[in-house]
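Engineer: Below: sequence and its predicted model.
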Amino acid sequence: MGWLVGLLLALVGGVIGFFVGRYWTLERSGQTDLAQQLEASKQHFEAYRKDVVEHFTTARQLSAQVNDIQTKLGQFLDDSEQLLQSEKEWQQPLPFFSEDTMKQLRQASVLGSDRRDAEADDASAPPRDYSEPGSGLFVSKKD
């Protein structure tokens with residue numbers, strides 16, 4: 001009977017040990033899963049934090065570039081305004097014709113006005129834009 005009690009105690013101890021070990025490993029495996037999830041979350045958080053820092057650095061650089069460009073644009077506009085307001089020799093209007101040509105045109109206009117005055121006296125003459133011998137549809141036929 002002593003050996004039977006020992007055998008039963010060993011059997012009960014084995015069953016209890018089996019269930020305790022199973023419970024302990026299930027609980028332990030849940031902790032390892034949680035630990036792995038925690039490590040993955042930490043890695044994702046670090047990657048996200050690096051992305052945010054990089055984004056702010058890029059935004060700061062772009063802001064500095066925009067300010068630089070805005071300053072240069074303001075300076076360019078100020079210089080352009082001052083240039084347009086100041087009178088320069090090269091900004092004076094240039095004559096279309098040279099001085100010699102202008103003299104000839106003035107003489108021709110004086111001579112032309114004298115001719116026009118003389119032609120105005122002769123009212124019976126046809127206007128200069130009519131051709132002397134008639135042609136085309138407006139020819140009067142004298143048959």
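Structural biologist: Everything's here; your move.

Engineer: and the longest helix for this protein?
Structural biologist: With DSSP state H setting the assignment, residue counts place helix 2-85 as the longest helix in the chain.

Engineer: what's it packed up against?
Structural biologist: Counting contacts by 3 or more Cβ pairs under 8 Å, 6 or more residues apart in numbering; DSSP states H and E, helix 2-85 is packed against no other helix or strand. Backbone N, C-alpha and C define where each C-beta goes, glycine included.

Engineer: Rounded mean pLDDT for it, please.
Structural biologist: For helix 2-85, mean pLDDT is 88.

Engineer: Report the contact partners of Leu102.
Structural biologist: Careful, residue 102 is Met and not Leu. Pro95 (Cβ atoms under 8 Å, 6 or more residues apart in numbering).

Engineer: tell me the secondary structure for it?
Structural biologist: Three-state assignment for Met102 (DSSP: H, G, I helix; E, B strand; the rest coil): helix.

Engineer: Let me know the pLDDT of it.
Structural biologist: 84.

Engineer: The one 4 residues further on now?
Structural biologist: As predicted, Arg106 sits at a pLDDT of 84.
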